[in-house]
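1. attaching a predicted model along with its sequence, questions to come.
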Amino acid sequence: MNAAAVGLSLAGVAAALAIMWANFRPWWKGGRDPKALLPYGSGWLLGSLATVCAGGALGWGAAGIAGLLSKGGDTAVGSLVGTGAAALASRRMGTLDPAGGIVVALVFVIVGILFKVSSPKDRRRIAGGVITGVVLGFLPGVASQLGWLPETANMIGAWGQSLGNKGAA
């Protein structure tokens, strides 16, 4: 299992918050139709669930995205104002059991299909949601508040498993 600490920085979190603001502002200024948040929200759900996939490709990608955004943010801020990096602690929300892993895999497939059939603007919103969900999902405060998310995936997976085992001798 790859449960190594993820390198987060304040500049990376600020970049993620800027991406989130860029996605919410048009919705807030517009009609505030909840359906308009579906692309960003689905990407955010996948990104935040990817942070608990330690040892898998989604977890590896989540750690890479968080590290890349943090390093890029540090470089940009360092070049702009001449300061060093401001490191932040990171934490995972919880753990997945095998049945919960199936649920996360299904979320990945659904978001992938949504990405495939979406317009280019919505594809950018999905990608922005993934990036924001990953970076904010590793923050200790956000991770503690979202502890219910992997538990919910585990419960849905357990429900599906019990449904599949009905009538077994």
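-> That came through, no problem. Numbers count the residues shown, from 1 in each chain.
2. tell me how far the residue at minimal distance from the centre of the chain lies from Ser162.
-> Residue closest to the average C-alpha location in the chain (CA atoms, centre = their mean): Gly47, at 1.8 Å. Separation of Gly47 from Ser162 (CB to CB, to the nearest Å) stands at 29 Å. Every residue, glycine included, has its C-beta placed from N, CA and C.
3. likewise Val77?
-> As judged by CB to CB, Val77 and Ser162 stand 50 Å apart.
4. who has more neighbours, those two?
-> Val77 (20 against 10; other CB atoms under 10 Å).
5. apart from its neighbours in sequence, what residue is nearest that one?
-> Counting by CB to CB, 6 or more residues apart in numbering, Val77 lies nearest to Ala11, which is 4.4 Å off, once chain neighbours are set aside.
6. check which helix or strand covers the one you found.
-> helix 10-29 (DSSP states H and E).
7. and that helix, what other elements does it pack with?
-> For helix 10-29, the elements it packs on are helix 57-81, strand 87-88, helix 120-137, judged by 3 or more CB pairs under 8 Å, 6 or more residues apart in numbering; DSSP states H and E.
8. just put the ones you listed in TSV and tack on mean pLDDT.
-> TSV is the format used below for the helices and strands packed on helix 10-29 (pLDDT from 0 to 100):
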stretch	mean pLDDT
helix 57-81	95
strand 87-88	94
helix 120-137	97
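9. for Val109, find the nearest of these.
-> helix 57-81 (11.8 Å; CB to CB).
10. show residues contacting that closest one.
-> With contacts defined as CB atoms under 8 Å, 6 or more residues apart in numbering, helix 57-81 is touched by 2, 4, 6-16, 47, 49-53, 83-85, 90, 104, 108, 130-131, 134-135, 137-138.
11. repeat the analysis, applying 6 Å as the threshold.
-> The contact list for helix 57-81 (CB atoms under 6 Å, 6 or more residues apart in numbering) reads 6-9, 11-12, 15, 50-51, 53, 85, 131, 134-135, 138.
12. next, give me the two most distant ones among those residues.
-> Cys53 and Ala85 (26.0 Å).
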